[in-house]
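Q: with the input below, show me the fold.
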Amino acid sequence: MTNVLQVHDLHFAYHDGLAALRGVSFEMCAGDKVALVGPNGAGKSTLMLHLNGILPDGRRDFVNGRGEVRVGGRQLTRENLPAVRAMVGLVFQNPDDQLFSPTVFEDVAFGPLHMGLPMDEVESRVNSALEAVRMSGFRDRLSHHLSVGEKKRIAIATVLSMDPQILVLDEPSAGLDPRARRTLINLLRELPITMLVSTHDMRLVQELFPRTIVMDEGQIVADGRTNDILENEALLTAHGLEKP
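A: Next comes the predicted model:
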C-alpha cells in the first residue's frame, strides 16, 4: 500500500536542552488508523507538531541530520511546508485553539479561502466537511455557543475542508461526556481517512485502532497490533499505561 507518512530517525531538543524526541521512526499507509499512546512527557505532542512543520521553528533547519519527515512522498522542507501543511490536518486537544471566527461556516471556510479557492469550491468543501462530522445544520451557528463535543466536531471539519491526506488528532475524547464521546467514536470510525490519534483513552484505542504505537521518553518502545499491546500488561505498566 502507498506510504502516506514516513518518519525516519527524528530527533528534537527544546531550547532548555530537553531531548523530546530521540530517534523516532515509523511509517503509515493509506487508510491506516493508528493510536499513539504513552505517559505525559513521552514526546507524543512534540512528534505531532513535527508532522506539519509547526516544530521545528524558524531557528532550526528542517534538514540538519536530525531526521526526516515525508508526507505523501514529499519531504518536509521549508520549500514544501505549505503543501505538507495542506496534507496534514492537525486537530488540537482544545477546540477553542482552532475556532476563532464568528460562525461555524466561517471557521470551516477559513482554510479553503486562504488556499485561494473560488467561492463555489469553498461552499462545496464546507458542506462536505460539515456533513462528514454530522454538523450540516450548524453552519450559521455561533461557534462559541456550541458544546465541547460540538466544537470538537467542528474543529475536525475545519481540517477536513482542506482535503488532507492524514488526520492527526490530540486527545479527541478529553473533556467529553459519555454521549459526546460515543458520537465522536462513531464519527472517527466512519471517516474514510488515514488517522493518527494521540490519546490516554485506552478504551478508545481498543475499540477503534488496529495498530498502536507506544512512546516513552522520546522514543517508540512498541509498535504493533493493538490487541497484542493491550494484552502485554508488563509493557503497559512499565510505560505508565493501564489495560482498558
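Q: so where does the residue nearest the centre of the chain fall, helix or strand?
A: Centroid-nearest residue in the chain: Val168, 1.3 Å away (criterion: Cα atoms, centre = their mean). Following DSSP states H and E, the helix or strand that holds Val168 is strand 166-170.
Q: host element of the closest residue to Val159 other than its chain neighbours?
A: Nearest residue to Val159 in three dimensions, chain neighbours excluded: Gly89, at 3.1 Å (Cβ to Cβ, 6 or more residues apart in numbering). Yep, even glycine has a C-beta here, placed from its N, CA and C like the rest. Element membership of Gly89, judged by DSSP H and E, is strand 88-91.
Q: any idea how far that strand is from the chain center?
A: 5 Å (Cα atoms, centre = their mean, to the nearest Å).
Q: now do the phi/psi pair for Ala157.
A: phi -60, psi -30 (degrees, to the nearest 10).
Q: so what's it up against?
A: Asp107, Val108, Val126, Ala129, Leu130, Ala132, Val133, Met135 (Cβ atoms under 8 Å, 6 or more residues apart in numbering).
Q: all strands of this structure, in order?
A: 3-13, 19-29, 33-37, 68-71, 74-75, 88-91, 166-170, 194-198, 211-216, 219-225 (DSSP state E).
Q: pLDDT on stretch 41-57, on average?
A: What stretch 41-57 shows for mean pLDDT is 87.
Q: output the contacting helices and strands for the helix or strand of the chain with the lowest mean pLDDT.
A: Lowest mean confidence among the helices and strands of the chain (mean pLDDT, DSSP states H and E): helix 81-87, at a mean of 89. Contact partners of helix 81-87 among helices and strands, from 3 or more Cβ pairs under 8 Å, 6 or more residues apart in numbering; DSSP states H and E: strand 68-71, strand 74-75.
Q: Asn52: which of those is closest?
A: strand 68-71 (7.8 Å; Cβ to Cβ).
Q: rewinding a little: if you compare the helices and strands packed on helix 81-87, which one is most tucked away?
A: strand 68-71 (a mean of 20; mean count of other Cβ atoms under 10 Å).
Q: hmm, back to that, CA-only coordinates of the least confident helix or strand of the chain in PDB, if you can.
A: In PDB, the C-alpha atoms belonging to helix 81-87 read as follows (Å, rounded to 0.1, in the frame of the first residue of the first chain):
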ATOM      1  CA  LEU A  81       5.900  23.500   4.000                       C
ATOM      2  CA  PRO A  82       2.700  25.000   2.600                       C
ATOM      3  CA  ALA A  83       2.000  21.800   0.600                       C
ATOM      4  CA  VAL A  84       2.700  19.500   3.600                       C
ATOM      5  CA  ARG A  85       0.600  21.500   5.900                       C
ATOM      6  CA  ALA A  86      -2.300  21.100   3.500                       C
ATOM      7  CA  MET A  87      -1.800  17.400   3.500                       C
END
